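>>> sequence and predicted structure are below.
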Amino acid sequence: MTTPEAMVVAVDEVEELAVDGLRWLIGAARETPGGGLAWTTRPSDDELNPMLYSGTAGNVPVLLEAWRHFGDDSYADAALRAGRSLADSVDDVDAFADDSLYFGRTGTALVLRALHEQLGDPAAGAAADRALELVRSRFDGTRWGELFELMGGNAGIGLGALLAGDAELAVLAVEPYLRAAETTPAGVHWAHRTGIDSRLHHLSHGTLGIVLALARVGDATGRADLLELALAGAADVVARDEAGPAGFLVPHSTPQYRPDVIEPVSFGWCHGPAGDAQVFRLLRDITADPVWSALAERCWHSVTHSGLPQRPRPGFWDNNGRCCGTAGVLALACDRIAEQQDPYDFAHVLVSDLTTRATRDTAGARWSNVEHRVTPNDLEPCTGWAMGNAGIVRELLRFVRLGRGGVGSRGAGPRRAGRRGVGPRGRSPVRVRLAGPATGVRLGAIARSPPRVDCHRHRHSRVGSPRPRKK
């Protein structure tokens, strides 16, 4: 493993950084009618964003994570208030026209279901049911819109529905892949959107994201045909590897999609081996075939020998976030530490980098991503899961628990109960009655945007109104 020299940041200091990140995130929340909380993508934006990828829904999991970690009900209170604004958004079809997992109503349903199950909020559960029924009603028999992948299409809707407790909708969403699969010399693949010749290969918009959904739904519902199709999709991607036998590295797409703005090779969760490994780990668990463990190890080899998180040239590793950057790799590092007692060496490198790149002041901590083609190239910090505080802080908290010898899973219980945090907008924290076990929402496994998501140059397209620049 070739890793850059890095200071080892004390676990207590990482925890304090996470607390500062939570303080900034909660301070950026806006009050909504009825006592709810909602977020914009960036503090300077005017439009509230309900999405899992970059808005309110994606901020709820880190609030639940903080509640479990600190035993502080003020974080649960903020999560419940966010749930109120999300419940209000479910029925507004005109304002929230997208039904997908990361950009639309399915992601909202998944988060509302978590609030019901973890905090005993019946209104959130009822809103989740309404959201899923709306999603079902808007299916045309093949798809929900232009995108046909994990983030904005059928695969994400199927996966989100399964995790939200609607297996029937999950199967309905993924069955069209049986008809739409295109045979390749090694397996199958799919078009990620209509009218595009390029075929994307990775998790967020490509074949492996569809593989993830097919495998999870097929395994959960006993549909061997769905699992078989997932394995055929994975075989196509494996055959495209260019870094064997030690590593694993597959190009972004074939032929290269939008070569003017997208690099042919990435290393992150969205389009690189950090995300590929998560799919291979799932197939390992479902099939018990050691080939998937070996592929996951090869992915990790490529990640740790890539030079990240250093930034040797403009455009290489210019992102701190959970989707395209350092926090997404830290998620995989933490998984490996928890599951197979990996050394902490590379996780320390990643945490040190996040610590160094944080902006900290009286408002808290936040992170700026970089766009090297604009001036100034430091972008405004984002609040959400994909590119901002929510995704980064969540992985920092997991690292802290592991560093103290605790459980690194997202379902870990509170480390110390009764600690008081910072209530939203200075509001006194409300003590809530907690119902049921605190089991985490595994957004890392399901693995993205409102108008103009420019917290990073790799914009991820969605279907709905308004529509950002296509990727």
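Everything's here; your move.

>>> so what's the residue count around Glu133?
14 (other CB atoms under 10 Å). C-beta here means a position set from N, CA and C on the backbone, and glycine is covered the same way.

>>> sec struct for it, please.
For Glu133, the secondary structure call by DSSP: H, G, I helix; E, B strand; the rest coil comes out as helix.

>>> do you know the pLDDT at it?
Here, the pLDDT recorded for Glu133 equals 98.

>>> now it: how far from Arg105?
Separation of Glu133 from Arg105 (CB to CB, to the nearest Å): 10 Å.

>>> distance of Asp289 from Leu379?
42 Å.

>>> more crowded one of these two?
Remark: of Asp289 and Leu379, Leu379 carries more neighbours, 20 against 12, as counted by other CB under 10 Å.

>>> nearest residue to that one in space, please, no chain neighbours.
Excluding the flanking residues, the one nearest Leu379 by CB to CB, 6 or more residues apart in numbering is Asn369, at 5.0 Å.

>>> who are the contact partners of Leu295?
By CB atoms under 8 Å, 6 or more residues apart in numbering, the contact list for Leu295 reads Val238, Phe248, Asp276, Ala277, Phe280.

>>> that one belongs to a helix?
Yes: the assignment for Leu295, made by three-state DSSP, places it in a helix.

>>> per-residue pLDDT, it?
Note for Leu295: predicted pLDDT of 98.

>>> and if you look at the one 4 residues further on?
What the model reports as pLDDT for Cys299 is 98.

>>> narrow the contacts of Leu295 to those in helices?
Judged by DSSP state H, the subset of those located in helices is Val238, Asp276, Ala277, Phe280.

>>> of the residues you listed, closest to Arg23?
Ala277 (32.4 Å; CB to CB).

>>> neighbours around that closest one, how many?
Ala277 - counted by other CB under 10 Å - has 26 other residues nearby.

>>> wait, it touches Trp300, no?
Yes: under the criterion of CB atoms under 8 Å, Ala277 makes contact with Trp300 at 6.1 Å.

>>> got the residue ranges for the strands in this structure?
Taking DSSP state E, the strands of the chain run over residues 30-32, 36-38, 182-183, 188-189, 199-200, 253-254, 358-361, 364-367.

>>> indicate which one of these is closest to Asp45.
Ranked by CB to CB, the member of the strands of the chain that lies closest to Asp45 is strand 30-32, at 10.1 Å.

>>> quick one: strands adjacent to the closest one?
Strand 30-32 sits in its sheet next to strand 36-38 (antiparallel), going by DSSP bridges.

>>> list of residues touching the partner strand?
So strand 36-38 is contacted by 29-32, 48-50, 55-56, 78, 81-85, 88, 424 (CB under 8 Å, 6+ apart).

>>> quick one, which of the residues you listed are buried?
Buried members of these, scored by 16 or more other CB atoms under 10 Å, are 29, 32, 48-50, 55-56, 78, 81-85, 88, 424.

>>> pick the one among the residues you listed closest to Gly406.
Ala78 (23.1 Å).

>>> wait, the closest one sits on Val62?
No: Ala78 is beyond contact range of Val62, at 10.1 Å (criterion: CB under 8 Å).

>>> which stretches of the stretch 301-450 of the chain have low pLDDT?
407-450 (pLDDT under 70).

>>> hey, where'd the helices end up in it?
Using DSSP state H, counting those that start in this stretch, the helices found in the stretch 301-450 of the chain span residues 326-340, 345-357, 389-403, 443-446.

>>> quick one, which of the ones you listed is nearest to Ile210?
Of all the helices of the stretch 301-450 of the chain, helix 443-446 sits nearest to Ile210, with 12.8 Å by CB to CB.

>>> and Thr355, how far from Leu110?
31 Å.

>>> ok, now how distant is Ile337 from Gly388?
24 Å.

>>> the two: which is more packed in?
Using other CB under 10 Å as the criterion, Ile337 and Gly388 rank with Gly388 on top: 34 against 19.

>>> the closest residue to that one other than its chain neighbours: neighbouring residues, count only.
Excluding the flanking residues, the one nearest Gly388 by CB to CB, 6+ apart is Cys382, at 3.2 Å. Residues near Cys382, counting by other CB under 10 Å, number 34.

>>> Leu22 and Val393: what is the separation?
According to CB to CB, Leu22 stands 6 Å off from Val393.

>>> which neighbours do those two have in common?
Contact criterion CB under 8 Å, 6+ apart; residues shared by Leu22 and Val393: Val62, Ala66.

>>> which residues are contacting stretch 154-172?
With contacts defined as CB under 8 Å, 6+ apart, stretch 154-172 is touched by 99-102, 106-107, 109-110, 113, 128, 132, 135-136, 139, 143-144, 148-150, 173-174, 176-177, 209-210, 212-214, 216-217, 220-221, 223, 226, 441-442, 446.

>>> try stretch 325-332
Residues from elsewhere that reach stretch 325-332 (CB under 8 Å, 6+ apart): 267-270, 274-275, 277-278, 300, 303, 308-309, 317-322, 347, 350-351, 353-354, 369, 387, 391-392, 394-396, 398-399, 444, 456.

>>> look up the closest residue to the residue sitting furthest away from the middle of the chain, ignoring the ones flanking it.
Ranked by distance from the centre of the chain (CA atoms, centre = their mean), the top residue is Pro185, with 31.3 Å. Computed as CB to CB, 6+ apart, the closest residue to Pro185 that is not its neighbour in sequence is Ala239, at 7.2 Å.

>>> these two touch, right, that neighbour and His201?
No: contact criterion CB under 8 Å: Ala239 and His201 do not qualify, at 10.3 Å.

>>> of those two, who's got more company?
A count of neighbours by other CB under 10 Å puts His201 above the other of Ala239 and His201, at 23 against 12.

>>> residue contacts, the more buried one?
Per CB under 8 Å, 6+ apart, neighbours of His201: His189, Thr207, Leu208, Asp236, Val237, Arg240, Val250, Pro251, His252, Ser253, Thr254.
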